[in-house]
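K.L.:
no FASTA, just this:
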């Protein structure tokens, strides 16, 4: 249980595997704070499978959640959030995928802009991302590159975060900060 | 070391990666309790590689272990265990695979029955399962679906378990309950 | 912060996923000790991608680091290290890959020799390796075998190590020993 007299961490990184319950856990962190809450969705509906996942996620978020989409310009969206407004970004993995699939994108510049916007955010800001580096080296070169980019991004964000949590089977393991 | 004066947890979930030592760790939890012990094997020998793994596991379990097979009807087997008899189920991953490969199965109903049997079990009951969600999104659709089903099952069971442990390199990390 | 009055652990195993920051973390453990330090590189430059990774790693290690290569005869290299000299082996995953790709190798004997050399080492010795067992079962038989061998090797080494750490997003989780 969060201590209501203790200030919420400014920046939290929630990592987890597929179907680990990381989104639900992150929503719980935000919902423990006074609303309204801003949900920044990064999914792009490339196909029906992805569309079904987006819909299932949205159905969990009635008001006082407000949902905005930022599949590409996530740094600007984070920069525009009003001070003191709890913000949940779900998830960085999809944003990174979208950026990597955009041939016109300068990926390094976008990642730098994202880290900069997180560093500058007033918070409370909670970032959700998939930990994808614990398997065998993928045969697919794009998958290998994605894995590298995701790992580096997580390291950068973990270094500036006040709290980092790894979610396994819905249960949090605190890597940094107070539980 | 377990405290002999403390009651054994009723329901324990042991998660781990491939060759993580999760089975051996789970066996140790059971063997710290008075025997005889019931080993519920869920493997189906589809091929020689799987047969070799089954045999290697069996060779580690002389009496007072009693081994029964429940590749499909695991909920009924859990329900039949005598009260107070320590039971080890190894592993849920294979049971889930068997259910998914059975075209006649109602997977949602089977999963619900399994969770129900675990909730109702007198215990001590130790469940072993593979954590499979920390890699890149699989290209194979069945693998993606399996990963989702396994993740959801782990979340359900972790929520009702008294103790949840993640095993890495043979070493336990306690996610829930006492160490 | 390491306590300067406390002896460094003789044998440390640092596990982590791809781009988890495990190498940097392990280097930090060594650099907290009096130099010079010995870096034992196990990479073999099979292709340009691997060569780029080797170069990036080397660029982080000016003197007082001394770098030697041991892509195959790692046990002998560990055995030759002067007593009290801090040694970093990065990484076991590549050494195991090299051994598995060598058709003339007796893998079981080589693994046994490696574990023996680590057990006999005066230390401080820090071993870095990839945790690769948390994904879906690979379709590739060699990848499955590699995953099994890596998992077994990690279990053996974790059992004899004084300290075992899992690195996630650059942050250490201590599995064994003091933080």
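P.N.:
Thanks, I have the structure now. Note that the structure is predicted; figures quoted are calculated from it, not measured. Residues are numbered from 1 along each chain as shown, chains lettered A, B, ... in the order given.
K.L.:
CA atoms for contacts and neighbours, from now on please.
P.N.:
Will do.
K.L.:
so which residues on chain A come close to chain B?
P.N.:
Listed as neighbours of chain B in chain A under the rule Cα under 8 Å from any Cα of the partner chain: A:16-21, A:130-136, A:138, A:143, A:147, A:168-173.
K.L.:
so which of the residues you listed sit within strands?
P.N.:
Using DSSP state E, the subset of those located in strands is A:16, A:130, A:168, A:171, A:172, A:173.
K.L.:
distance of the fourth one from residue A:129?
P.N.:
Okay, so that is residue A:171. According to Cα to Cα, to the nearest Å, residue A:171 stands 15 Å off from residue A:129.
K.L.:
okay, these two: which has more neighbours?
P.N.:
Taking other Cα atoms under 10 Å in any protein chain shown, residue A:171 and residue A:129 do not tie; residue A:129 has more neighbours (25 against 20).
K.L.:
name whatever forms a beta bridge with that one.
P.N.:
Beta-bridge pairing for residue A:129 (DSSP bridges): residue A:15.
K.L.:
assumed residue A:155 was part of a helix.
P.N.:
Yes - counting by DSSP: H, G, I helix; E, B strand; the rest coil, residue A:155 falls inside a helix.
K.L.:
what sits up against the one helix or strand in chain A whose mean pLDDT sits lowest?
P.N.:
Between all helices and strands in chain A, the lowest mean by mean pLDDT, DSSP states H and E belongs to helix A:48-59, at a mean of 80. For helix A:48-59, the external contacting residues (Cα atoms under 8 Å, 6 or more residues apart in numbering or on different chains) are A:43, A:44, A:45.
K.L.:
buried stuff in that helix?
P.N.:
For helix A:48-59, the buried set under the neighbour-count rule, 16 or more other Cα atoms under 10 Å in any protein chain shown, comprises residue A:54.
K.L.:
who touches residue A:154 in this structure?
P.N.:
Applying Cα under 8 Å, 6+ apart, we find residue A:154 in contact with residue C:169.
K.L.:
pLDDT weak spots in chain A?
P.N.:
A:1-6, A:179 (pLDDT under 70).
K.L.:
wait, a strand at residue A:175?
P.N.:
Yes - counting by three-state DSSP, residue A:175 is located in a strand.
K.L.:
tell me, how many residues neighbour it?
P.N.:
For residue A:175, using other Cα under 10 Å, the count is 22.
K.L.:
cool, and residue A:122?
P.N.:
By other Cα under 10 Å, the residues close to residue A:122 number 18.
K.L.:
measure residue A:158 to residue A:145 for me?
P.N.:
Distance check for residue A:158 against residue A:145: by Cα to Cα, it reads 20 Å.
K.L.:
the more surrounded of the two?
P.N.:
Neighbour count, other Cα under 10 Å: between residue A:158 and residue A:145, residue A:158 has more, with 24 against 13.
K.L.:
A helix includes the more buried one, no?
P.N.:
Yes - assessed with three-state DSSP, residue A:158 lies in a helix.
K.L.:
quick check: it touching residue C:170?
P.N.:
Yes - contact criterion Cα atoms under 8 Å: residue A:158 and residue C:170 qualify, at 7.2 Å.
K.L.:
can you give me the helices in chain A?
P.N.:
A:22-31, A:48-59, A:74-80, A:92-101, A:107-120, A:141-160 (DSSP state H).
K.L.:
relative to residue B:96, which of the ones you listed is closest?
P.N.:
For residue B:96, the closest of the helices of chain A is helix A:48-59, at 21.2 Å, according to Cα to Cα.
K.L.:
related to what we said a few turns ago, dump the helices of chain A to JSON lines, plus distance to residue C:93.
P.N.:
Formatted as JSON lines, the helices of chain A follow (distance: least, Cα to Cα, whole Å):
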{"stretch": "helix A:22-31", "distance to residue C:93": "29"}
{"stretch": "helix A:48-59", "distance to residue C:93": "34"}
{"stretch": "helix A:74-80", "distance to residue C:93": "36"}
{"stretch": "helix A:92-101", "distance to residue C:93": "26"}
{"stretch": "helix A:107-120", "distance to residue C:93": "28"}
{"stretch": "helix A:141-160", "distance to residue C:93": "16"}
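K.L.:
figure out which of the ones you listed is closest to residue B:90.
P.N.:
Nearest to residue B:90 among these is helix A:22-31; the distance by Cα to Cα comes to 25.9 Å.
K.L.:
quick one: is the closest one near chain C?
P.N.:
No - under the criterion of Cα under 8 Å from any Cα, chain C is not reached by helix A:22-31; the shortest gap measures 15.3 Å.
K.L.:
neighbours around residue A:125, how many?
P.N.:
Counted by other Cα under 10 Å, the residues lying close to residue A:125 total 24.
K.L.:
report the beta-bridge partners for it.
P.N.:
Bridge pairing for residue A:125 - DSSP bridges - gives residue A:11, residue A:87.
K.L.:
hmm, back to that, any of the ones in strands among the residues of chain A next to chain B buried? List them.
P.N.:
By neighbour count, with 16+ other Cα under 10 Å, those hold A:16, A:130, A:168, A:171, A:172, A:173 as buried.
K.L.:
in JSON lines, list these along with distance to chain C.
P.N.:
Converted to JSON lines, those look like this (distance: Cα to the nearest Cα, whole Å):
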{"residue": "A:16", "distance to chain C": "11"}
{"residue": "A:130", "distance to chain C": "11"}
{"residue": "A:168", "distance to chain C": "11"}
{"residue": "A:171", "distance to chain C": "16"}
{"residue": "A:172", "distance to chain C": "13"}
{"residue": "A:173", "distance to chain C": "9"}
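K.L.:
return the closest of these with respect to residue B:97.
P.N.:
For these, the residue nearest residue B:97 by Cα to Cα is residue A:168; the value is 20.4 Å.
K.L.:
would you mind confirming that that closest one is in contact with residue A:16?
P.N.:
Yes - between residue A:168 and residue A:16 there is a contact at 6.3 Å, judged by Cα under 8 Å.
K.L.:
overlap of the contact sets of these two?
P.N.:
Here residue A:168 and residue A:16 have residue A:22 as joint contacts, going by Cα under 8 Å, 6+ apart.
K.L.:
most remote residue from chain A's center?
P.N.:
Largest separation from the mean C-alpha position in chain A: residue A:139, at 26.3 Å (Cα atoms, centre = their mean).
K.L.:
ok, that one to residue B:136 distance?
P.N.:
The gap separating residue A:139 from residue B:136 is 11 Å, by Cα to Cα.
K.L.:
good, wrapping up.
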